[in-house]
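1. here is a sequence together with a model predicted from it:
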Amino acid sequence: MSVHVIGAGLAGLAAACALTDRGHHVVLFEAAKAAGGRARSYVDPVLGCRIDNGNHLLLSGNIAALSYLHRIGAARSLAGPAEPVFPFIDLQSGRSWRLHLNQGRFPWWIFSSSRRVPGTGLRHYAALLKLRRARRQDLVADLVGRGPLYRNLLEPFAIAALNTMPDIASAAPLRAVLAETIERGGAASVPRYARIGLSESFIDPALEWLSAKGADIRLGERVTALNPAQATVLAVPPWIAASLVPGLTVPDEYESICNLHFRHSLGQEGFWGLIGGTTEWVFARPDMLSVTISAANRYADIDNDTMAARVWGELSRAFNLPAEMPLHRVVWEKRATFACTPAQLGRRPGARTPNPNLVLAGDWTDTGLPATIEGAIRSGNNAAAALLQPIG
Ligand SMILES: Cc1cc2nc3c(=O)[nH]c(=O)nc-3n(C[C@H](O)[C@H](O)[C@H](O)COP(=O)(O)OP(=O)(O)OC[C@H]3O[C@@H](n4cnc5c(N)ncnc54)[C@H](O)[C@@H]3O)c2cc1C
């Protein structure tokens, strides 16, 4: 069968690879000149070097993402610590600490005061049990929003995973993430990120793999109408899908992510969570310090210079850096993900449409997961499976 895959973000690439692997001929259309969508690397003219549009963190329990990398021959392109360790710095107290999970499923780390979250006792971890019962209408903050475990771990983790503030975010997708990672133990919770860049890990090897297997890749070709008789995976952002498929209900509220890239070498590689400030996650690469701030709609009124000065001030305090701000770049992704609220979750369609020739993919489709790399890749796999197994 010949299949048109529209959109070469991670969802479209995953669908294209799954279909190609099953012996189908894929024609992949991508509107932009480069593939990757919201997970891409590019040369930034101000910084004079290649950067990712945003830092992306995975966990070793993201099995669809890791299988995808394995399939395209890029499994070894990720970096990260050997252990399930998450270093944190509290900007208010100045205290540094590390969350260190144990490898196995039973959470021994909770019983060790040197390994668990500062200020927490055993009783605080009952919040994790509450999350196990989360339903779509339950809000993260209502369910678990109190105490040191929330401030020092669940809140930053929820904001990063859901890209939505916990007072409006549904707890159900957070529960899905935890079930596949921390609840499966430290072995499923080891942090992972692209060693060189997102494109080098997730995009370029996929394009090479697809080309080698005979797929037809058409970059810079925007699809403006669908042929109902053509087998098609539509893997575009939700607002584009809604414009191409009349009557399709999609999420229609978005959250932004702000990334700041500073041309500064910390002298070590790694990543840190920062608590109690504007800066949330810091990634240190050989010649760059990059910061991610999720659910960033709340900072939309702050201009880039003010934001950069504030974040550099926090980095200076946390890592004892010079006060003078180095060359930097502030990158906003305005529609980074859909807002992970109960109402928006209700607008996520499944992979199938009334037309068996047309299936949907994208991190906004109903995977049960938030809008993440794992969700996008899983949506692509789901779409390929739905196309190959029409109902009836
Ligand atoms: C700044 C930032 C940080 C993030 N951090 C993380 C993280 O730490 N961990 C994590 O797991 N996830 C993270 N994410 C989320 C992750 O990047 C996304 O979930 C994922 O990349 C979405 O992939 P997608 O294929 O669903 O959509 P997209 O990447 O949006 O792909 C859609 C593609 O369709 C193309 N297209 C649009 N219209 C047409 C058309 N008419 N014809 C042809 N092509 C078209 C677009 O150009 C695009 O390439 C982050 C996202 C952002 C923006």
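-> Now that the structure is in, tell me what you want to look at. Numbers count the residues shown, from 1 in each chain.
2. use CA for all of it now, contacts and neighbours both
-> OK.
3. buried set for the longest strand along the chain?
-> Scanning the chain for the longest strand, with DSSP state E as the assignment, gives strand 328-338. For strand 328-338, the buried set under the neighbour-count rule, 16 or more other C-alpha atoms under 10 Å, comprises 328, 329, 330, 331, 332, 333, 335, 336, 337, 338.
4. check stretch 123-131 too.
-> For stretch 123-131, by 16+ other C-alpha under 10 Å, it's 124, 125, 127, 128, 131.
5. list of residues touching the helix or strand harbouring the fourth one?
-> So that's residue 128. Using DSSP states H and E, residue 128 falls within helix 126-132. For helix 126-132, contacts defined as C-alpha atoms under 8 Å, 6 or more residues apart in numbering pick out 143, 144, 171, 172, 174, 175, 179.
6. re the thing from before, what's the closest of the buried residues of strand 328-338 to residue 186?
-> Among the buried residues of strand 328-338, residue 337 lies closest to residue 186 (C-alpha to C-alpha), at 27.2 Å.
7. now that closest one: how far from the ligand?
-> Note on residue 337: its distance to the ligand, by C-alpha to the nearest ligand atom, to the nearest Å, is 7 Å.
8. what of residue 121?
-> Distance, residue 121 to the ligand, by C-alpha to the nearest ligand atom: 29 Å.
9. number of residues surrounding that residue?
-> 15 (other C-alpha atoms under 10 Å).
10. so what's it scoring on pLDDT?
-> pLDDT, residue 121: 90.
11. this structure: helices as residue ranges?
-> Using DSSP state H, the helices of the chain run over 10-21, 63-71, 126-132, 140-144, 147-149, 155-162, 171-180, 198, 204-212, 238-244, 304-319, 342-345, 373-388.
12. go through those and find the least confident stretch.
-> The weakest mean pLDDT among these belongs to helix 126-132, with a mean of 89.
13. how far off centre is that helix?
-> 23 Å (C-alpha atoms, centre = their mean, to the nearest Å).
14. what does stretch 143-157 give?
-> Distance, stretch centre to chain centre, for stretch 143-157: 20 Å (C-alpha atoms, centre = their mean).
15. likewise stretch 128-148?
-> Between the centre of stretch 128-148 and the centre of its chain there are 21 Å (C-alpha atoms, centre = their mean).
16. show me what from the protein comes close to the ligand.
-> Contact residues (C-alpha under 6 Å from any ligand atom) of the chain with the ligand: 6-12, 29-32, 35-39, 53-58, 222-224, 235-237, 240, 257, 333, 336, 362-363, 371-374, 376.
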